[in-house]
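>>> Predicted model and sequence below, questions to follow.
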Amino acid sequence: MRSALQQPFKTAVLVLVWGWLLFLVFTPNLLVVGASVMTRDPGSFISLPITLDAYRQLLNPLYLDVFLHSLYMASMTTLVCLVIGYPFAWALSKVPRQRQVLLIFLLIVPFWTNSLVRTYALKLMLATNGLLNNALMSLGLIEEPLKLLYSEGAVIIGLVYLLLPFMILPLYSVFEDLREDLLRASHDLGAGHFATFVHVIVPLTLPGVLAGVMLVLLPAMGLFFVPDILGGSRNLLVGNVIKNQFLDARNWPFGAAASIVLTLTMAFLMFAHRLSKRRIGEEGA
Amino acid sequence: MKQTLLSLSNLSKQFDGKTVLDSLDLDILDGEFITLLGPSGCGKTTLLRLMAGFEHPDGGTITLASQDLTHTPPEHRPLNTVFQNYALFPHMSVFDNVAYGLKMEKRPKEEIRERVQEALAMVQLQDFARRKPHQLSGGQQQRVAIARAVVKRPRMLLLDEPLSALDYKLRRTMQVELKRLQRELGITFVFVTHDQEEALSMSDRVAVMKDGEIQQLGTPREVYERPANLFTARFVGETNLFPGLVEKTNGDDTVTVDVFGLKRTFAKPDFPLRDGQSLHVLLRPEDIRVLSPEASDGVSGKVVERNYKGSTLDSVIHLDDGTEVLASEFFDEDDPAFDYRLGEPVRVSWVDGWEWLLPEEASPVGEETNVDA
Amino acid sequence: MTRWLPRTYLTLVYLLLYAPIAVLVVFSFNDSRTGYEWGGLSWRWYESLFNNRAMVEAMWNSLWLALSAATISTLIGALTALALHRYRFRGKKALNGMLFVVMMSPEIVLAISLLALFLLVGLQLGYVSLLLAHVTFCLPFVVITVMARLSGFDERLPEAARDLGASDFTMTRTVLIPVIMPALLAGWLLGFTLSLDDVVVSTFVSGPSYEILPLRIYSMVRVGLKPEVNALGTLLLMFSMVMLIMSQWILTRSKQ
């Protein structure tokens, strides 16, 4: 068939898509790499000479703190998502087929809904005199309203709320592929529930876990509007730092360097994911 | 003598540097049912795709009734294909699927309607015109695919393993039906299969293929009873190959051969022979006779396997020198001598004149496990 | 494990996921200004929303942007998917990889790289820069959706059409496009929604000349609570639901 198709069409399509990707993906990323090794310039954003100052600045205790704090919040978010999502995906995969479709649908509705609006809805609930506090007080569980907003916890809750479906969906798909007969075989060969879990279920669902981690951890460092709305000025994400450097502080080299660190984290996670898939004999993604 | 309809001459095709077809020649006669038979990877599907125009040959020509088709695109070739998994258009009804080819010819609406009805009636699906392909069973989809291909009244129908997705019973039914259709329509059928039983039962002629070359071209009977080489002998049907040694060639066009110490006289084969030469004596399982150990004739061995197949009783017998022999005998309840137990000593012989001689070949025939190209 | 435990757990998580959304919807009809107590049923926030000319303009801008971005990305994405599916060419792996990278990259990385590009080539930030950016991040999703459909697509169908006398163009029109149509629609809807909801990339590549809805919401919700946002959020939610139901309906109906 391939040989019977017309070449001009093929050439046109390839030129179009390669042109698009080279101009709007490849070049911009090259620019960011370039910017990260330039010197800051208030007038034209960046200037010569080439320097590694921006990367050195990343190690500045002030920023290092922000980074580590952001990493901590992102890790906590990922952990919470995993703890909630793993049993959730498992339970979901056991639901009768017909209902599964509906439940998956309900899970992706939020993904199709404006994330700002959802973050705001959360704010509505968590506010000092918001719904949650009012409810707890009227139940007599607390005397004073809890200060939930503008805290590290609020940011983590917000991130979990936005990112949970991204953890559940890949986990669900590995649980869907987890064949019942493998579990039966394990039991048949004398393994108990715990041994089966450790030796069969965990290794087979690991690619899903890593895919979920990848889909949660990275956005959890970049979604700058979550701390903006829920976290106050002390709970910043790497995303906030990058945004401030580009839009406010105008320190492009530093912002670029920070985003490259983020990209490298992504590359590392993708590599780990590939590795885990290869281990159970699936093709790398 | 029938006329040549399609002539393939010196065809070659490579994929990624791997030769799939090697300067192949084949003449297909008008109105015949010819089967391309071979293991996967032998080039039979590629050959069919070259005829259909889905691939272009690297060398050689394809001529249909003295018209060069080698580089004609598929839509301009007067031949149609029935695909392995039917390739019915999922978004069209049965009617629209069958009508597709006629619409492409820009036939008037009324004619299209009539001819589609006619084609559907021919495959007994007139009541299914409004259905979508996914609402049909495998066998029905198969019939739609056939109707869609023949409604254009092609000079030639190409069938690419069309029955391979059906279960055994349905296959047998469709084999009969295809044969009937071919007779009624008088169209040349080129049928691709890896199933030798299918090939033997349906075809006027069979082309046995291996490694992009035709090993033998002949009637099913010729191919089965007088295989041209060891590959054909082994690929078509079950085979016993006994080592033979030429004792002496006689004047009266016969030759005396030593097989397991037995001196047997055979008709002289059409390859050159000299005394002391080793050769293969080919015997089909049904040529073998299993005799009681007291029999004067035959070679001694013992029964290691018995499989009751309904009409026949198949046995595996190990001769004393370790050679394995397959025997297939028609079941006869009244014959007490017939029922040998496992491990029981027997003697093995065969009916004189049913054997076929093949020369030794330099390289042994390897098992084919390649993926079909 | 007993049956009720997993069920209770699923229900609980869904409740947590939907509680804030439910609160938002309910409060959008709340007459009270403070936004924390119930002050009776009212449409006032919807009214004030539609009386706000800047808001309505931002809505139209967003819709137009999402419409054009989804259409262009579906066009390019579908062609790319077809090329990836049907042709063998050098750099196919690189192309696949690049699309994968776009999809997996943190949005903010894409955002700053595009900002850097637009400033370098001197492109005025506004509709065009937003459009280019949105098409870029929608593209891989469309490609994936169409590829998924094509991978289940019988390779022999185009050949069957050619065999029955259709030219390459006729085959594309009568067989290929109808068969992948559901994926095209689903991809378009996905692109539309992604574009409509994007905050991160838009924050970087939009200019004052073209204000879009998410950025307007962003500036509203950064400080305090605004009841109009409840109303707007409810509308967006309904809109997304309709879009999602449509795309699911198209996909399931085509599978059967």
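Structure's in. What do you need?
>>> switch to C-alpha atoms for all contacts and neighbour counts from now on
OK.
>>> element containing the closest residue to C:Leu79 other than its chain neighbours, please.
Closest residue to C:Leu79 apart from its sequence neighbours, by C-alpha to C-alpha, 6 or more residues apart in numbering or on different chains: A:Val13 at 6.3 Å. Using DSSP states H and E, A:Val13 falls within helix A:7-21.
>>> and that helix, which residues are buried?
Neighbour-count burial for helix A:7-21 flags A:10, A:13-14, A:17-18, A:20-21 (criterion: 16 or more other C-alpha atoms under 10 Å in any protein chain shown).
>>> Turn those into CSV, including pLDDT.
Converted to CSV, the buried residues of helix A:7-21 look like this (pLDDT from 0 to 100):
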residue, pLDDT
A:Lys10, 76
A:Val13, 84
A:Leu14, 86
A:Val17, 88
A:Trp18, 89
A:Trp20, 90
A:Leu21, 89
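>>> Nearest to chain B, out of those residues: which one, please.
Using C-alpha to the nearest C-alpha, the shortest approach to chain B within those belongs to A:Lys10, at 17.7 Å.
>>> residues in contact with the nearest residue to the closest one once chain neighbours are set aside?
Counting by C-alpha to C-alpha, 6+ apart, C:Ala83 is the residue found nearest to A:Lys10 once chain neighbours are left out, at 6.7 Å. Residues near C:Ala83 by C-alpha atoms under 8 Å, 6 or more residues apart in numbering or on different chains: A:10, A:13-14.
>>> do the same with C:Leu232
Counting by C-alpha under 8 Å, 6+ apart, C:Leu232 touches C:46, C:49.
>>> tell me which element it falls in.
Counting by DSSP H and E, C:Leu232 is found in helix C:227-255.
>>> mean confidence for that helix?
For helix C:227-255, mean pLDDT is 80.
>>> Just to check, B:Val20 is in contact with B:Thr45?
No. Between B:Val20 and B:Thr45 there is no contact under C-alpha atoms under 8 Å: 10.0 Å.
>>> Which single residue in the stretch 51-200 of chain A comes nearest to chain C?
Here the stretch 51-200 of chain A gets closest to chain C at one residue, A:Asn114, 4.7 Å apart by C-alpha to the nearest C-alpha.
>>> ok, now which ones touch the closest residue to that residue other than its chain neighbours?
Leaving aside its sequence neighbours, A:Asn114 sits nearest to C:Asp197 (C-alpha to C-alpha, 6+ apart; 4.7 Å). Residues near C:Asp197 by C-alpha under 8 Å, 6+ apart: A:112-115, C:214.
>>> Run through the neighbouring helices and strands of the host helix or strand of B:Arg347.
Using DSSP H and E, B:Arg347 falls within strand B:345-350. Strand B:345-350 is packed against strand B:288-291, strand B:299-308, with contacts defined by 3 or more C-alpha pairs under 8 Å, 6 or more residues apart in numbering or on different chains; DSSP states H and E.
>>> how far off strand B:345-350 does the longest one point, in degrees?
To tie it back to what came earlier, the one meant is strand B:299-308. Orientation of strand B:299-308 against strand B:345-350 (axes from the mean of the first three to the mean of the last three C-alpha atoms, to 10 degrees) gives an angle of 90 degrees.
>>> partners of strand B:299-308, with directions?
strand B:312-319 (antiparallel), strand B:345-350 (antiparallel) (DSSP bridges).
>>> Would you mind measuring from the residue in the stretch 101-250 of chain A that chain B sits nearest to to C:Leu237?
Residue nearest to chain B within the stretch 101-250 of chain A (C-alpha to the nearest C-alpha): A:Val101, separated by 21.8 Å. Here the distance between A:Val101 and C:Leu237 works out to 20 Å (C-alpha to C-alpha, to the nearest Å).
>>> Please identify which of the two sits among more neighbours.
Taking other C-alpha atoms under 10 Å in any protein chain shown, A:Val101 and C:Leu237 do not tie; C:Leu237 has more neighbours (21 against 13).
>>> re earlier: can you redo the buried residues of helix A:7-21 as CSV, where the extra columns are distance to A:Leu162?
Output for those, formatted as CSV (distance: C-alpha to C-alpha, whole Å):
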residue, distance to A:Leu162
A:Lys10, 40
A:Val13, 36
A:Leu14, 36
A:Val17, 32
A:Trp18, 33
A:Trp20, 30
A:Leu21, 29
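>>> picking that back up, buried residues in the strand holding B:Arg347?
Here strand B:345-350 shows B:345-350 as buried, counting by 16+ other C-alpha under 10 Å.
>>> Could you do stretch B:308-319 as well?
By neighbour count on 16+ other C-alpha under 10 Å, the buried set for stretch B:308-319 is B:313-319.
>>> on that earlier part again, which strands and helices lie in contact with the helix or strand harbouring the residue of the stretch 101-250 of chain A closest to chain B?
Using DSSP H and E, A:Val101 falls within helix A:97-108. Packing partners of helix A:97-108 (3+ C-alpha pairs under 8 Å, 6+ apart): helix A:61-94.
>>> Could you check how far C:Leu190 is from C:Tyr210?
Taking C-alpha to C-alpha, one finds C:Leu190 at 23 Å from C:Tyr210.
>>> Between these two, which is the more surrounded one?
In this view C:Leu190 and C:Tyr210 are compared by other C-alpha under 10 Å, and C:Leu190 has more residues nearby, 23 against 16.
>>> can you state the direction angle for whichever strand or helix holds that one and helix C:227-255?
Taking DSSP H and E as the definition, C:Leu190 sits inside helix C:177-197. Interaxial angle of helix C:177-197 relative to helix C:227-255 (the same axes, to 10 degrees): 170 degrees.
>>> in helix C:177-197, what counts as buried?
C:178-197.
>>> now it, how far from the centre of its chain.
9 Å (C-alpha atoms, centre = their mean, to the nearest Å).
>>> Next: stretch A:202-218.
Offset of stretch A:202-218 from its chain centre (C-alpha atoms, centre = their mean): 11 Å.
>>> Please apply the same query to stretch B:4-24.
In terms of C-alpha atoms, centre = their mean, the centre of stretch B:4-24 is found 19 Å from the chain centre.
>>> What residues sit buried inside it?
B:4-13, B:20-24.
>>> So which of those residues are in strands?
B:4-13, B:20-24 (DSSP state E).
>>> what about B:Pro272, how many neighbours?
Applying other C-alpha under 10 Å, we find 7 other residues in the vicinity of B:Pro272.
>>> er, C:Leu120 actually
Other residues close to C:Leu120 by other C-alpha under 10 Å number 12.
>>> now B:Thr219
17.
>>> Just the local confidence number for B:Ala129, please.
So B:Ala129 comes in at 90 (pLDDT).
>>> longest helix anywhere in chain B?
Longest among the helix segments of chain B by residue count, using DSSP state H, is helix B:168-185.
>>> need the next SSE after that one, C-terminal direction.
For helix B:168-185, the succeeding helix or strand toward the C-terminus, using DSSP H and E, is strand B:188-193.
>>> And that next one, what does it pack against?
Strand B:188-193 packs on strand B:33-37, helix B:44-52, strand B:156-160, going by 3+ C-alpha pairs under 8 Å, 6+ apart.
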